[in-house]
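Participant: Pasting the sequence and the predicted model now:
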Amino acid sequence: MKKMICTSLILGVGLVLAAPAAGAQEQKMTAPAPNTAIPVGQQATSEQLDQLFEAMHLREQMESTVNMMSDAVQKQIQAQEKDMQEKWGTGKKLTPEQQAKQDQVMQSFMQKAFQIYPVEEMIGDMKTVYQHHFTSDDVYGILAFYRSPAGQHLLEQQPSIMKEYMPMVMGRIQERSKKLNDDLVKQMSALEEEKKNEK
């Protein structure tokens, strides 16, 4: 049963981590070819996009979001694990030392999972996409906004907005995945019973 619960937790983590990637992959497979209507000579240059991303505080925002996601997902997993142990029982409970070791392993796993696609690489890919959609003149106009008082206010408020928004997102995911996790455990439990009966 303990192995079954660990498996379902790992599957749950995989679903949480894979959801954005799967959406991106699906979009990649079904999206039309990039908009190449902007002639190469008129596309925003790499240097202009560096300036734009710096004005947008893009790197800091992405790093902050990744860290918040990692913490939120880890808390969600711990809550799901506790819920499963209470509902389905795992026999012998972990000692505080064993729990601490398990938490450490999970934290290390989460850090590695969220470093699979580094922020620097995301930004490089984002540059390519921006060049398909924005001319040099577009970037000058966008830069003017982000350097304006309203643009600066938006940038100043974004970390607070994300801090408020992320727990809401994770709360909804946790609430709506609860039944899914319960169903998964029941089905895996039924499979284990079938295996025992076959012997």
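Facilitator: It's in.
Participant: residue contacts, residue 161?
Facilitator: If you count contacts by Cβ atoms under 8 Å, 6 or more residues apart in numbering, residue 161 has none. C-beta: built from backbone N, CA, C; applies to glycine.
Participant: Okay, and it sits in which element?
Facilitator: According to DSSP states H and E, residue 161 maps onto helix 149-198.
Participant: mean confidence score for that helix?
Facilitator: Average pLDDT, helix 149-198: 84.
Participant: now that helix: how far from the chain's centre is it?
Facilitator: Mean-position distance between helix 149-198 and its chain equals 10 Å (Cα atoms, centre = their mean, to the nearest Å).
Participant: Stretch 139-146 too?
Facilitator: On Cα atoms, centre = their mean, the centre of stretch 139-146 falls 28 Å from that of its chain.
Participant: ok, the residue lying closest to residue 45 once chain neighbours are set aside to residue 175 distance?
Facilitator: Nearest non-adjacent residue to residue 45, counting by Cβ to Cβ, 6 or more residues apart in numbering: residue 136, 6.7 Å away. Applying Cβ to Cβ, to the nearest Å, the value for residue 136 to residue 175 is 46 Å.
Participant: thinking again about what came up before, wait, the residue nearest to residue 45 sits on residue 43?
Facilitator: Yes - using Cβ atoms under 8 Å, residue 136 is in contact with residue 43, at 7.3 Å.
Participant: Name the residue in the two with the higher neighbour count.
Facilitator: residue 43 (20 against 14; other Cβ atoms under 10 Å).
Participant: I'd say residue 68 and residue 164 touch.
Facilitator: No - Residue 68 is not in contact with residue 164 according to Cβ under 8 Å; the separation is 10.7 Å.
Participant: Looking only at neighbour counts, state which of the two leads.
Facilitator: The neighbour comparison of residue 68 against residue 164 (other Cβ under 10 Å) goes to residue 68, with 18 against 9.
Participant: From residue 121, how far off is the more buried one?
Facilitator: Residue 68 sits 19 Å away from residue 121, going by Cβ to Cβ.
Participant: same check, this time on residue 151
Facilitator: Residue 151 sits 26 Å away from residue 121, taking Cβ to Cβ as the criterion.
Participant: Between those two, tell me which one has more neighbours.
Facilitator: residue 151 (16 against 10).
Participant: The more buried one: what's its closest spatial neighbour, skipping adjacent residues?
Facilitator: Once flanking residues are discounted, residue 151 sits nearest to residue 145: 4.6 Å by Cβ to Cβ, 6+ apart.
Participant: which SSE is the one you found in?
Facilitator: helix 136-146.
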